[in-house]
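Student: Okay, structure incoming, though there's no sequence with it:
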Ligand code: GDP
Ligand code: GDP
């Protein structure tokens, strides 16, 4: 992105001649909105001491100072707003006019850097005579001749010295790496294509083991998300066969490389044996996971409630895993995927302060004491969170063997509630300690 310099001034002062002169021979012109008098014209000054973009705002046909603002707003407002540097062009031969003064005041009020090009000063001998009165504008002035080139080099050097550095484009942040898992035909390719259809996409061939798999990046806002190891986006027919064979294995591998995994189920197929294999593995590995029940458009409205209940029940063995319902055809649910992945990742990487941990443990114990184990009562001393990804909580107590399944479930539920860890996997560890 180049800094943008705008040429402003009354008509006939020589703006368009100056525009061409500043651009040199390699000017590239594009026409903008047709203005009242003529189009705004952009170009890039590549050969100047510093490269910059230039916009000629068109002539300001002004017949009275009162109409100044109106005229500016009609013709040059946008150029003024987007420019980083303003050049007021005046006619040295005509001398300083009231409209030049008005314009100078107006430009000064934008608080952008302004300098004056006193044009039609066709040689050094004229400069002494023509330039002095323009100092009254209280701005930096430089005599130039757009037509003959006089003073242009010095003008450019000064301009480059004062030009603000090129505004940097907001850097694109690395967003999450996502693995899209699921049986062949679950709709993975279609889902990616549905995402891709909307926004800018970059497809890189993965320099890995499988020739057919690619990483697909898409940019949303200032973030770049990557669907890693995605088969089937290109050359679908070729991919299909290898996908059949290796999909479980690949699912497991790519979930290792990803930050968040999304398992696609087919709404009409339910949870198949292969889906269960993948789910078991992922939940055992504490992989941050979203389950998307896809092709939901194929479910008749009347059956929707029933279908959702069915999947909730199927997934009840890991109740924290968020279930969403998506369709690449109707696009329903697609907009929620990335925000949900962000939320999941945030929870998965959450670190809780020691103070919070202690308050939490106290509150949990007060609400529900651990039951006696035989004639011994478990006694908790404190808890720590030594790890994130997933959040891992270690409870120190008089004897770790005294904690049963049911109380463990209670503790997990409470921790999730306290620390807002509703959808991430968590790990609970019990350690015997002397207090
Ligand atoms: P604009 O309406 O501000 O864009 O002005 P133009 O670039 O169309 O120029 C208006 C008139 O001034 C034209 O006849 C140009 O030939 C003339 N002109 C422009 N620059 C110079 C210059 O440096 N010296 C002289 N003598 N005439 C110039
Ligand atoms: P992949 O093997 O997981 O990549 O699945 P594809 O994206 O190739 O989809 C398999 C089939 O399901 C294709 O015929 C798709 O047109 C169809 N399909 C995919 N997503 C949807 C969806 O959301 N709704 C419907 N009705 N069909 C879908």
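Tutor: Alright, I've got the coordinates. Bear in mind that the values here come from a model prediction, so they are computed numbers and not experimental data. Numbers count the residues shown, from 1 in each chain. Ligands and ions are numbered 1, 2, ... in the order given.
Student: Which other helices and strands does the helix or strand containing residue 413 contact?
Tutor: Element membership for residue 413 (DSSP states H and E) is helix 405-418. Under the contact definition 3 or more CB pairs under 8 Å, 6 or more residues apart in numbering; DSSP states H and E, helix 405-418 sits against helix 354-367, strand 427-432. All C-beta spots, glycine's among them, are computed from the backbone N, C-alpha and C.
Student: tell me which parts of the stretch 51-200 of the chain are close to ligand 1?
Tutor: Proximity of the stretch 51-200 of the chain to ligand 1, by CB under 6 Å from any ligand atom, involves residues 59, 119, 120, 122, 145, 146, 147, 148.
Student: gap between residue 143 and ligand 2?
Tutor: Residue 143 sits 67 Å away from ligand 2, taking CB to the nearest ligand atom, to the nearest Å as the criterion.
Student: again, but for residue 128
Tutor: Distance, residue 128 to ligand 2, using CB to the nearest ligand atom: 76 Å.
Student: likewise residue 157?
Tutor: Residue 157 is 59 Å from ligand 2, by CB to the nearest ligand atom.
Student: contacting residues around that residue?
Tutor: By CB atoms under 8 Å, 6 or more residues apart in numbering, the contact list for residue 157 reads residue 49.
Student: mind checking how far the one helix or strand it maps to is from the chain centre?
Tutor: For residue 157, the host element (DSSP H and E) is helix 152-162. Computed by CA atoms, centre = their mean, to the nearest Å, the chain-centroid distance of helix 152-162 equals 36 Å.
Student: Can you confirm whether stretch 320-328 lies near ligand 2?
Tutor: Yes: Stretch 320-328 is in contact with ligand 2 by CB under 6 Å from any ligand atom, via 327, 328.
Student: helix, strand or coil for the closest residue to residue 124 other than its chain neighbours?
Tutor: Nearest residue to residue 124, sequence neighbours excluded (CB to CB, 6 or more residues apart in numbering): residue 150, at 7.4 Å. Of the three states, residue 150 takes coil under DSSP: H, G, I helix; E, B strand; the rest coil.
Student: element containing the closest residue to residue 257 other than its chain neighbours?
Tutor: Spatially, and ignoring its direct neighbours in sequence, residue 257 is nearest to residue 228 (5.4 Å; CB to CB, 6+ apart). Element membership for residue 228 (DSSP H and E) is strand 223-231.
Student: What segments of the stretch 301-435 of the chain are strands?
Tutor: With strands called from DSSP state E, counting those that start in this stretch, the stretch 301-435 of the chain shows them at 323-325, 380-387, 392-397, 427-432.
Student: out of the ones you listed, deepest packed?
Tutor: strand 392-397 (a mean of 20; mean count of other CB atoms under 10 Å).
Student: Parallel or antiparallel, list what pairs with that one.
Tutor: Within its sheet, strand 392-397 is paired with strand 380-387 (antiparallel), strand 427-432 (parallel), according to DSSP bridges.
Student: Other residues contacting it?
Tutor: Strand 392-397 is contacted from outside by 357, 361, 378-386, 403, 411, 415, 426-433, 435, using CB under 8 Å, 6+ apart.
Student: How far away from the center of its chain is that strand?
Tutor: From the chain centre to the centre of strand 392-397 is a distance of 38 Å (CA atoms, centre = their mean).
Student: Quick one: mean pLDDT over that strand.
Tutor: Averaged across strand 392-397, pLDDT comes to 96.
Student: can you check stretch 320-331 too?
Tutor: Stretch 320-331 comes out with an average pLDDT of 95.
Student: Report the buried residues of it.
Tutor: Neighbour counts over stretch 320-331 (16 or more other CB atoms under 10 Å) mark 320, 321, 322, 324, 325, 326, 327, 328 as buried.
Student: hang on, the fifth one packs against residue 267?
Tutor: Yes: in this structure, residue 325 sits in contact with residue 267. The criterion is CB atoms under 8 Å, and the distance is 7.4 Å.
Student: Quick one: name the residues of the chain near ligand 2.
Tutor: Residues of the chain lying near ligand 2 by CB under 6 Å from any ligand atom: 182, 184-190, 232, 294-295, 297-298, 327-329.
Student: From residue 400, how far out is the nearest residue to residue 399 once chain neighbours are set aside?
Tutor: Nearest residue to residue 399, sequence neighbours excluded (CB to CB, 6+ apart): residue 432, at 5.4 Å. Remark: distance between residue 432 and residue 400 (CB to CB, to the nearest Å) = 5 Å.
Student: For residue 108, which three-state class applies?
Tutor: Assignment for residue 108 (three-state DSSP): helix.
Student: Actually, residue 48.
Tutor: Classified using three-state DSSP, residue 48 is coil.
Student: again, but for residue 142
Tutor: strand.
Student: pLDDT value on the spatially closest residue to it that is not a sequence neighbour, please?
Tutor: Once flanking residues are discounted, residue 142 sits nearest to residue 155: 4.8 Å by CB to CB, 6+ apart. Predicted confidence (pLDDT) for residue 155: 95.
Student: Can we start the residue count at 57 from this point?
Tutor: Okay, using 57 as the starting number, the last item reads as residue 211.
Student: and residue 211, what does it touch?
Tutor: Per CB under 8 Å, 6+ apart, neighbours of residue 211: 173, 198, 200.
Student: and of those residues, the nearest to ligand 2?
Tutor: Within the contacts of residue 211, the smallest distance to ligand 2 is 59.7 Å, found for residue 173 (CB to the nearest ligand atom).
Student: Could you chop this structure up by domain?
Tutor: Segmentation of the chain into domains, based on automatic domain parsing, reads 60-218, 229-404, 410-488.
Student: can you put the strands paired with strand 448-453 in CSV and add mean pLDDT?
Tutor: Formatted as CSV, those follow (pLDDT from 0 to 100):
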stretch, mean pLDDT
strand 436-443, 95
strand 483-488, 96
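Student: mind checking how far the nearest residue to residue 477 once chain neighbours are set aside is from residue 190?
Tutor: Excluding its sequence neighbours, the residue lying closest to residue 477 (CB to CB, 6+ apart) is residue 403, at 5.1 Å. For residue 403, the distance to residue 190 equals 64 Å [CB to CB].
Student: same deal with residue 441?
Tutor: Residue 441 is 69 Å from residue 190, where distance means CB to CB.
Student: Check residue 97 too.
Tutor: Distance, residue 97 to residue 190, using CB to CB: 25 Å.
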